[in-house]
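Colleague: no FASTA, just this:
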Ligand code: E4P
C-alpha cells in the first residue's frame, strides 16, 4: 500500500515531503475550503510541491460535460501530465463523465464511494482509481474496511486494472486494517500520518541509545 497526503496545506505538505515516502496528494472542495483561499491560488503551488508524484484534484462541476471541461482546463492551463487525476464523484453524471474523460486522455479517480457495487460500476466505466470512504462508513455503524476488502477482492476476481485508493481515515487502526485487506493506496491527513510514523517506545529507545553511546563513538565521520 502506498501513502498519499489528504491535504492542501503547504506547511503540512512541506513537512511531509521532507521525510515521509508520500506518493501523491489528494484534495476535495472541503480540503480546499480549509485553506481559506481560492483554487487559483492553491493549485499552482500544489503542482510545484507535488512534482511528478500523483495529484488527485476533485472537480466541482455536477454535469458530465462540465466535469470534462473543468478537467481539460486544469490539465492544459497548468500543463499537467499523467500524474494528474480528476476526482469524479460517483453521481449519475459522474458515471457518465468517467468514459468521457478517459476518451479525452484524462486519468480518473472515482470518489465518494460507499459500496462495492459503486466501485465496480466506476471500474467498468474506466476509472483508474476508486476511492471508498472508510471513516464515513464507520461513522454510520457500517464497516469501511469490509467494503474496501470486497472492492479489492472484486478487482482481483474480475482481473480489473482499477486500483483502490482508500480514503477518509481518523484512526491508526483504520489505516492498519485497510493495508491488511490489500488496498493499493490510502490517502491520509497529516495528523494521522504522523500518528502512523511515531511511537513512544521508539522515542524512548532513541533516548537510551543516545545516553548509552555518549562518548563511545570515537571514529571520525
Ligand atoms: C479523499 O479523497 C476524500 O475526499 C477524503 O479522504 C474524505 O475524508 P473525510 O471523510 O475525512 O472528509
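Modeller: Looks like it came in fine. Quick caveat: nothing in here was measured; it's all calculated off a predicted structure. Residues are numbered from 1 along each chain as shown.

Colleague: Beta-bridge partners for the spatially most central residue of the chain, please?
Modeller: With distances taken as Cα atoms, centre = their mean, residue 187 lies nearest the centre of the chain, 3.1 Å away. Per DSSP bridges, the residues bridged to residue 187 are residue 4.

Colleague: What's the separation between it and residue 17?
Modeller: 15 Å (Cβ to Cβ, to the nearest Å). C-beta coordinates here come from the backbone N, C-alpha and C atoms, glycine included.

Colleague: what does the protein have sitting close to the ligand?
Modeller: Residues of the chain lying close to the ligand (Cβ under 6 Å from any ligand atom) are 6, 26, 28, 30, 111, 131, 133, 135, 136, 167, 168, 187.

Colleague: hmm, back to that, residue contacts, the residue nearest to the centre of the chain?
Modeller: For residue 187, the contacting residues are 3, 4, 5, 6, 26, 56, 131, 165, 166, 167, by Cβ atoms under 8 Å, 6 or more residues apart in numbering.

Colleague: excluding its backbone neighbours, what's nearest residue 127?
Modeller: Leaving aside its sequence neighbours, residue 127 sits nearest to residue 110 (Cβ to Cβ, 6 or more residues apart in numbering; 4.0 Å).

Colleague: Direction included, what does the one helix or strand the one you found maps to pair against?
Modeller: If you go by DSSP states H and E, residue 110 is part of strand 107-113. Strand pairing for strand 107-113, determined by DSSP bridges: strand 84-89 (parallel), strand 129-132 (parallel).

Colleague: how much distance is there from the first one to the middle of the chain?
Modeller: Strand 84-89 sits 11 Å away from the centroid of its parent chain (Cα atoms, centre = their mean, to the nearest Å).
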